[in-house]
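Q: Return atomic coordinates for the entry below.
(6 chains)
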4 protein chains.
Amino acid sequence: MTKPRTRIQQKNHAVIMAAGLEVFSQYGFRGSTLDQVAEAAGLSKPNLLYYFPSKEAIYQGLLVELLENWLEPLHQLNPNGNPVEELLGYAQRKLAMSRDYPRESRLFATEILQGAPEIKPVLEGELRTLVKEKCKVIEGWIAAGQIRKVDPVHLIFSIWSLTQHYADFDVQVRAIMGERDPFASAAVHLEDLFRQMLTPT
Amino acid sequence: MTKPRTRIQQKNHAVIMAAGLEVFSQYGFRGSTLDQVAEAAGLSKPNLLYYFPSKEAIYQGLLVELLENWLEPLHQLNPNGNPVEELLGYAQRKLAMSRDYPRESRLFATEILQGAPEIKPVLEGELRTLVKEKCKVIEGWIAAGQIRKVDPVHLIFSIWSLTQHYADFDVQVRAIMGERDPFASAAVHLEDLFRQMLTPT
Amino acid sequence: MTKPRTRIQQKNHAVIMAAGLEVFSQYGFRGSTLDQVAEAAGLSKPNLLYYFPSKEAIYQGLLVELLENWLEPLHQLNPNGNPVEELLGYAQRKLAMSRDYPRESRLFATEILQGAPEIKPVLEGELRTLVKEKCKVIEGWIAAGQIRKVDPVHLIFSIWSLTQHYADFDVQVRAIMGERDPFASAAVHLEDLFRQMLTPT
Amino acid sequence: MTKPRTRIQQKNHAVIMAAGLEVFSQYGFRGSTLDQVAEAAGLSKPNLLYYFPSKEAIYQGLLVELLENWLEPLHQLNPNGNPVEELLGYAQRKLAMSRDYPRESRLFATEILQGAPEIKPVLEGELRTLVKEKCKVIEGWIAAGQIRKVDPVHLIFSIWSLTQHYADFDVQVRAIMGERDPFASAAVHLEDLFRQMLTPT
DNA sequence: TATGAATGAGGATTCATTCAT
DNA sequence: AATGAATGAATCCTCATTCAT
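A: Below you'll find the predicted structure:
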């Protein structure tokens, strides 16, 4: 799929991505129909397939776009910053993404849950490399006594799971908490959790 | 459907549940076909529908069975036990379930991700009640100074997310960690995390 | 299908016939299922097929039984009776059958409507012969000036249609007439109609 | 479903209605398959469902079309015409419809026989109202001494049953009458029957 | 005589995709 | 660039019938 050229192409490309996100994040790939995506996009079904060669191509396009944004916050982890604040900041940024882009989080979760058929290579390639790199940074901080001794990979997993939970399990969270906004109190809770865990004694 | 009576019914009922778990946890409800379930069960498709009235009934049957087991560990949280050990024990039990019953965890995650169409009532009813009850217990422990001051609901969410992550995002975890068994080190990591967070200073 | 021998065979044979009549008259042959018939008969489906070799055999058995009773009133038309009273009596007997055996009437109507696949030979054989015989009788009455000159075949059709209508189109009749019993007033109406039509001036 | 717009839609819509009439009038709703209708229409099965959402929708569409035409002749009963001629004319028009549209008659009969699941509301609404209105007219004629005293509702039933019989029981009529055209002699017979019944002495 | 278990042959409907314009 | 029309390949489910006991 080459990059779109004209105005209208760019616009419709974006419209379809938005519609695909809306639909796929809700029903999963197999559970969604092109009709639903076309409906959400306000385009005809054949027109969708004028811009994307297949249903799967729309889904793949979404995942590609998504992954870039998804890894960005981890990239920003600054080796030269204050370690505890860097890690807390990373967690808060991830939590904000769960709050502001829950559909993206759910789309990603669905893909992983089903065995990551589309993005396994990215996980084993780019993501793994990036995580290893950041683990080195964290290990450096531990060696320097700037944070407590923790398993860096599991620390990263903890940040991911604790923050994404509020997007992915949103229905459950709200079923239990009722009307209250979960994210405000979650931010406080996670701030405390990570500070407690990371601050050296 | 009432409980199965005869030997062969019990056997096939169980065989179908197992096959359904295998298939549905991998592809979700809409993404799975009766053919797949029949294949996995070693039965013919119409024979499946001799035991369960529909595809959905198999799925619902699974969720019902699942929910019972799923809530059990939280029930076991003993108000009279040692608070830190009780909560650590709960987390370890949940982690063991992620390790031993990852498909159940994924089935549950898929259902929640898609808006919990089947089990929302249970979430808003039984689960909510149970969580509230245990929150009271935790608040008692905090008031007594036996654990640090934390938000009890978010503490429970944290236990859930941190443990289930290893089942639900298994593919990602293994992509990053490689061949190493994630659960052994995860147990150590979570033990540390929760002890650090809960032990009063 | 040989005649049933033992008590229990006779009983179950009759039970199945009754159930088949109930079901087939309501939904037609193709629209009925063996399950429905088995349910109505209080027998298991395989047991049904122990007494009758197939679904079609039950249906055929019903039609055979039915036809005997169905032609009986016409047989009774007495060449030596009072012509007008004989024909009025025949009409009243047919009307009573519509009232008392509406399911039989509907079963017969359904079969004819669908082209009489099972009983066409009977229609072209026995029934045709019987009607021709009775037409001779009616023609004799006309020749003797005992009733008005009418087309005897169409007279017989008129008796059939006017009486069976109250069974076959029962739903429509009641939709229009409301709660009132249609048969009492129909009897009066038909008495008048046929007397008016047949009485010589 | 809104009215078809384009040429091809109009054509195929009509083609499907015609095919549905052919098939449903012969085998009833449950006894007919979409394959048969598709075959009769010269279209593929999915293409049928491109124009109608379901098998039932085709059937319902037929009944709706049918009912309009079916009630028309009764509408035409003119309160200001010559009473006997009006009623005879109505009967002859209904008989002509049985001759020219026997499949419509049989479709209607099948629907009623099975309890009118689709059109009961119409029977209890529009049809009932129309019949009551025309009964008033007939009662007026009786009061004015223009026709003999008859039960108006049963008179209408008689017209319906006597005329529709030749379409609905066509197979039986021809089995008995042989090759002769039933409708010509039926017209003479019914003319005589109704004139005899209605003409005041 | 009776029935629990099983199935092959459909049958209605869905859906991604293609065709024609 | 867009869409009305069409379809082949599923997919869930039904049902008369058979099997095994």
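Q: Quickly list the domain ranges of chain A.
A: Following the assignment in automatic domain parsing, chain A carries domains at A:1-53, A:62-198.
Q: And DNA strand F, is the first one touching that?
A: Yes. Using C-beta under 7 Å from any atom of the strand, domain A:1-53 reaches DNA strand F at A:Thr6, A:Ile8, A:Gln9, A:Asn12, A:Leu43, A:Ser44, A:Lys45, A:Pro46, A:Asn47, A:Tyr50. C-beta coordinates here come from the backbone N, C-alpha and C atoms, glycine included.
Q: Roughly how far does the fifth one sit from chain D?
A: Distance, A:Leu43 to chain D, using C-beta to the nearest C-beta, to the nearest Å: 19 Å.
Q: Please state the backbone phi and psi of that residue?
A: Backbone torsions of A:Leu43, given as degrees, to the nearest 10, read phi -120, psi 160.
Q: just how off-centre is stretch A:153-166 within its chain?
A: Remark: stretch A:153-166 is offset 11 Å from the chain centroid, using C-alpha atoms, centre = their mean, to the nearest Å.
Q: Not counting it itself, show me its contacts.
A: By C-beta atoms under 8 Å, 6 or more residues apart in numbering or on different chains, the residues outside stretch A:153-166 that reach it are A:74, A:87, A:90-91, A:94-95, A:97-99, A:105, A:108-109, A:131, A:134-135, A:138, A:173, A:182-183, A:186, A:190, A:193-194, B:157-158, B:160-162, B:164-166, B:169, B:173, B:176-177, B:185-186, B:189-190, B:193.
Q: Weed out the non-buried ones from those.
A: A:74, A:87, A:90-91, A:94-95, A:97-99, A:105, A:108-109, A:131, A:134-135, A:138, A:173, A:182-183, A:186, A:190, A:193-194, B:157-158, B:160-162, B:164-166, B:169, B:173, B:176-177, B:186, B:189-190, B:193 (16 or more other C-beta atoms under 10 Å in any protein chain shown).
Q: Can you show me the CA trace of the helix or strand containing A:Ile159 as PDB?
A: Assessed by DSSP states H and E, A:Ile159 sits inside helix A:152-168. Taking C-alpha atoms only, helix A:152-168 is exported to PDB below (Å, rounded to 0.1, in the frame of the first residue of the first chain):
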ATOM      1  CA  PRO A 152      13.700  -4.300  34.900                       C
ATOM      2  CA  VAL A 153      11.700  -6.400  32.400                       C
ATOM      3  CA  HIS A 154       9.000  -7.200  34.900                       C
ATOM      4  CA  LEU A 155       9.000  -3.500  35.900                       C
ATOM      5  CA  ILE A 156       8.100  -2.600  32.400                       C
ATOM      6  CA  PHE A 157       5.500  -5.300  32.200                       C
ATOM      7  CA  SER A 158       4.100  -3.900  35.500                       C
ATOM      8  CA  ILE A 159       3.800  -0.400  34.000                       C
ATOM      9  CA  TRP A 160       2.100  -1.800  30.900                       C
ATOM     10  CA  SER A 161      -0.400  -4.000  32.700                       C
ATOM     11  CA  LEU A 162      -1.300  -1.600  35.500                       C
ATOM     12  CA  THR A 163      -2.000   1.300  33.100                       C
ATOM     13  CA  GLN A 164      -3.600  -0.600  30.100                       C
ATOM     14  CA  HIS A 165      -5.900  -2.400  32.500                       C
ATOM     15  CA  TYR A 166      -8.000   0.800  32.900                       C
ATOM     16  CA  ALA A 167      -8.700   0.800  29.100                       C
ATOM     17  CA  ASP A 168      -8.900  -2.900  28.400                       C
END
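Q: Sounds good, over and out.
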